[in-house]
Each structure stands twice: as C-alpha cells, then as structure tokens.
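# Compute the structure for the input listed below.
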Amino acid sequence: MARPHRIGILTGGGDVPGLNSVIKSVVYRSSELGYEVIGLRRGWQALTHMQPGPEPDLDYVRPLDRANTRTIDRTGGTWLHSSRTNPKKMRTAALPDFVSAERLAALATGEGIYDFTPLVLDNLGRLGIDTLIAIGGDDTLSYAKVLADAGVQIIAIPKTMDNDVKGTEYCIGFSTAITRAKDAINRQRTTLGSHERIGVFRIFGRNAGFTALYTAYVTSARCVIPEQRFDIQHLTDVLVEDRRANPSRYSFVIASEGALPEGMELQEVGDADAYGHRHKASIGEVLAAEIRRRTGIETVDSELTYDLRSGDPDALDQMVGITFANVAMELVVDGKSGQMTAIRDGRYSYCPIPEPGARTVDVARFYNAERYRPVYTDKIGLSIMLTQPVA
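Next comes the predicted model:
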C-alpha cells in the first residue's frame with residue numbers, strides 16, 4: 001500500500017504572532033486529506049543539522065497531528081522554533097560536527113563558506129517529504145526559491161512585521177505589530193506629557209517603512225522611514241512646533257530602524273547573520289540625542305521592537321494565518337510548486353516565490369516627506385491595507 005503524501009513545514013527567521021495558526025491549520029487540513037505532516041524544528045537548520053541515521057532526529061523532526069497542535073494557535077511565537085540558518089552560505093562556525101571533511105570539501109564555495117543544498121536535498125529525501133511548506137520573510141523565502149529551482153515541491157507563506165515581502169500586500173505579523181505599537185505609544189503619551197518631553201520611538205523596518213508609517217497613521221504621528229532621508233533640523237523644528245501647539249506640551253516621532261538623516265550614515269555593529277545582515281546603531285538614540293542637543297528639550301528614546309513580536313496574535317493575523325495555510329494546502333493539492341500565498345489587490349491569491357529584496361513604500365503616493373506624515377487622502381480604490389497593488 002502506498003504511504004500517505006507527506007508534508008514538511010518549517011518557520012524561519014524572526015518569530016511573529018500568527019505562525020502557530022498556520023502550523024495548526026496545515027495539520028488539520030492535511031488530516032482531512034489523509035496527508036502526514038512533519039514539523040521541522042529551528043527552520044532551515046533542521047535540514048542542515050539533523051543527525052543521520054535510520055530513525056528521525058527528534059531534536060529537529062517532530063511528527064504533527066491534531067492532538068499535539070490542538071491548542072498551539074492560542075499563543076504567539078512558533079511552536080516549531082526558528083533560526084536564521086542559510087543553507088546556501090553556511091559558515092565554518094555554524095557547521096554540524098558530523099559532516100565528514102571529504103563532504104565539506106565538496107560543499108565548499110569559498111573561504112569558510114559552504115553550500116549545504118545537496119545535504120538539504122538528501123535529508124528531504126530521507127524524511128520522505130513530498131511537499132515542503134516554508135513560512136518566513138525575505139531571507140527564509142530566498143532559500144525556498146533555491147529549493148524550488150532544484151525541483152523540490154515547495155509552497156511559501158510570507159511573514160514579517162516589516163510587511164516588505166515582494167508579491168503580497170500583507171505578511172503575517174504586521175497587524176499585531178501595528179496594534180502593539182499603537183498601544184505602547186498611547187500609554188507612553190502620559191509620561192511624555194507629564195515631563196513635557198519629545199519622544200523618539202524606534203520601530204522595526206531595516207529596508208522598508210511600512211511598520212513606522214502605519215503606526216504613525218493610527219497614532220496621528222510624525223515618522224521617518226528608510227525610503228526617504230530626512231532633514232534633521234527641519235524634523236526638529238516640526239517637533240518643537242508640535243510640542244508648542246500641544247496643550248500637554250509634548251511631541252514625538254516614530255523612526256524606522258533603517259531611517260537616516262541627510263548626510264549621515266549609521267555604523268553597523270555586531271557580527272553579520274547568516275544572510276549578511278548586521279545590526280545598525282540605534283537611530284532612536286542618535287535622533288533623541290541630536291534633538292536634545294539642538295533644542296535643550298529633554299527627550300526620550302523608546303525601543304518598540306521585540307515587544308511587538310511577542311504574545312498572541314490579534315484577530316487579523318490569526319485570520320490571515322489560518323487562511324494562508326488553507327490556500328497553501330489548495331496549492332499542494334493542485335500540484336503547484338514554487339508559489340507563495342499572497343494578498344493581491346486586497347484578495348487572497350498566490351504568486352511565484354519572489355526574487356530577494358524588499359518591497360518598499362511608494363513615497364510619492366503614501367508619505368508626506370515635508371511634514372513627515374502618512375498621506376491620508378486619495379484612498380478610494382485601494383485595498384483595505386491602504387497600499388499600492390503589487391505587480
């Protein structure tokens with residue numbers, strides 16, 4: 001008797017609320033279809049580090065069923081855990097210790113760099129995985145495209161608080177991030193007002209300003225984003241003007257982590273991750289200090305980053321997660337591969353897994369660069385996410 005169709009599922013990169021809703025929904029839909037589901041723990045690392053042998057390495061492989069996923073959608077994070085492993089560019093320090101020197105020599109692509117794709121393909125075959133579902137942002141999905149090009153049947157699901165994956169107007173985690181940021185800022189208004197300060201709220205967004213822009217949209221705030229350099233003196237003048245006009249004598253700006261003043265570069269710090277990214281020095285610290293220096297007004301630098309990805313998802317992220325999972329399963333049943341679930345023109349859809357690179361804000365249409373505000377007008381005909389349709 002032929003064995004059931006077997007699906008592997010993994011989550012890569014940073015965690016966001018809503019991932020467990022995807023995992024559970026894939027398992028439940030698979031059980032209705034008579035499919036098996038194997039959870040791959042720690043993202044792509046499961047397929048580079050699992051121990052060889054006749055039995056599955058339970059540190060990296062977890063059979064999933066209705067019983068063990070029944071309640072996982074009630075919490076945030078990812079039940080399968082995650083990592084930033086990039087099998088295409090494995091560095092010496094991150095290599096598993098069981099791979100022979102001879103095999104490593106065959107996988108070497110440069111000084112201390114190894115392409116573990118052959119090992120990943122071997123492990124997919126050894127696990128009997130017929131279809132792989134990869135949930136992640138731009139970095140995770142860039143490797144999903146590598147496997148699709150290698151002939152693996154793979155379906156991608158986009159998630160990131162930055163909402164910057166190409167090909168879709170929405171990524172899981174975005175709504176919860178905006179909701180959390182709005183709540184945090186509204187709570188901190190009381191402290192800013194009590195001390196008559198200027199606040200700088202740093203938020204995620206290395207290459208795209210969607211998170212800062214949409215948080216500014218719902219808090220009636222100023223914001224600076226990576227797509228448009230800003231004049232630090234002009235921004236300071238605007239914030240001083242806001243503070244003077246406010247009966248509570250405070251003002252604030254929301255800064256994407258990748259936002260930059262004109263004529264300034266921020267130093268990158270720490271080691272690069274598996275995809276070559278290093279942390280930037282905090283634009284929040286720099287901006288708060290510069291505003292204080294120029295005005296003499298006390299400032300506050302507040303980090304709105306990791307707290308936005310913790311806890312359970314809001315209703316929209318849970319709904320999108322459940323729906324993306326079911327769209328992905330329809331693509332699996334139809335035999336499609338190399339596709340990503342998406343929202344396009346405000347509708348659930350799918351598209352080819354995109355090439356690497358971030359989707360960015362259309363500054364001319366959605367951002368008032370003179371006043372550092374979102375544009376609130378001309379929204380008729382846009383999707384509910386208030387964004388330009390994706391190509």
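# which residue is nearest the centroid of the protein?
Using C-alpha atoms, centre = their mean, the residue of the chain that lies closest to the mean C-alpha position is Thr160, 2.0 Å off.
# what residues are up against that one?
13-14, 16, 136-138, 171-174 (C-beta atoms under 8 Å, 6 or more residues apart in numbering). To be clear about C-beta, it is placed using only N, CA and C from the backbone, and glycine gets the same treatment.
# and those residues as TSV, adding distance to Thr92?
Converted to TSV, the contacts of Thr160 look like this (distance: C-beta to C-beta, whole Å):
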residue	distance to Thr92
Gly13	22
Gly14	24
Val16	30
Gly136	24
Gly137	26
Asp138	25
Cys171	33
Ile172	34
Gly173	32
Phe174	36
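# Narrow these to those in helices?
138, 174 (DSSP state H).
# Helices of the protein, start to end?
Under DSSP H, the chain gives helices at 19-33, 45-49, 101-107, 117-127, 138-149, 174-195, 210-219, 232-245, 283-295, 315-333, 363-366.
# nearest to Leu260, of these?
Among the helices of the chain, helix 283-295 comes nearest to Leu260, with 7.2 Å by C-beta to C-beta.
# Would you mark the buried spots in that closest one?
283-284, 286-288, 290-292 (16 or more other C-beta atoms under 10 Å).
# got a list of contacts for stretch 309-326?
In contact with stretch 309-326 (C-beta under 8 Å, 6+ apart) are residues 14-26, 29, 73-77, 157-158, 161, 170, 172-177, 179-180, 341, 343, 348.
# now that stretch, how far from the chain's geometric center?
In this view, stretch 309-326 has its centroid 13 Å away from the chain centroid, taken as C-alpha atoms, centre = their mean, to the nearest Å.
# in it, what's buried?
For stretch 309-326, a neighbour-count test (16+ other C-beta under 10 Å) marks 309, 312-314, 316-318, 320-326 as buried.
# from the residues you listed, which two are the most distant?
Arg309 and Asn326 (23.8 Å).
# can you redo the helices of the chain as JSON lines with mean pLDDT?
Putting the helices of the chain into JSON lines (pLDDT from 0 to 100) gives the following:
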{"stretch": "helix 19-33", "mean pLDDT": "98"}
{"stretch": "helix 45-49", "mean pLDDT": "97"}
{"stretch": "helix 101-107", "mean pLDDT": "94"}
{"stretch": "helix 117-127", "mean pLDDT": "96"}
{"stretch": "helix 138-149", "mean pLDDT": "95"}
{"stretch": "helix 174-195", "mean pLDDT": "97"}
{"stretch": "helix 210-219", "mean pLDDT": "97"}
{"stretch": "helix 232-245", "mean pLDDT": "98"}
{"stretch": "helix 283-295", "mean pLDDT": "96"}
{"stretch": "helix 315-333", "mean pLDDT": "98"}
{"stretch": "helix 363-366", "mean pLDDT": "95"}
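# Can you give me every residue that contacts the nearest residue to Glu262 once chain neighbours are set aside?
Nearest residue to Glu262, sequence neighbours excluded (C-beta to C-beta, 6 or more residues apart in numbering): Arg229, at 4.7 Å. Arg229 makes contact with 260-262 under the criterion C-beta under 8 Å, 6+ apart.
# Go again with 10 Å.
259-264, 369 (C-beta atoms under 10 Å, 6 or more residues apart in numbering).
# what about it, distance to Tyr372?
12 Å (C-beta to C-beta, to the nearest Å).
# How about Ile129?
48 Å.
# What residues of stretch 171-183 count as buried?
171-182.
# returning to that earlier point: which of the contacts of Arg229 has the most neighbours?
Ala259 (27 neighbours; other C-beta atoms under 10 Å).
# ok, for that one, nearest residue in space, not its chain neighbours?
Val224 (4.1 Å).
# Please apply the same query to Phe230.
Nearest to Phe230 is Val224, by C-beta to C-beta, 6+ apart, at 4.7 Å.
# Check Ala342 too.
Nearest non-adjacent residue to Ala342, counting by C-beta to C-beta, 6+ apart: Thr168, 3.6 Å away.
# got a list of what that neighbour touches?
When contacts are counted by C-beta under 10 Å, 6+ apart, Thr168 touches 157-158, 324, 340-344, 349-351, 354, 359, 385, 387, 390.
# let's go with 7 Å and repeat that
Residues in contact with Thr168, defined by C-beta atoms under 7 Å, 6 or more residues apart in numbering, are 158, 342-344, 390.
# Strands along the stretch 251-391 of the chain, start to end?
According to DSSP state E, counting those that start in this stretch, the stretch 251-391 of the chain carries its strands in the segments 251-256, 268-269, 279-280, 299-304, 339-344, 347-352, 367-368, 373-374.
# Deepest-packed of those strands, please.
strand 251-256 (a mean of 27; mean count of other C-beta atoms under 10 Å).
# Perfect, I'm done here.
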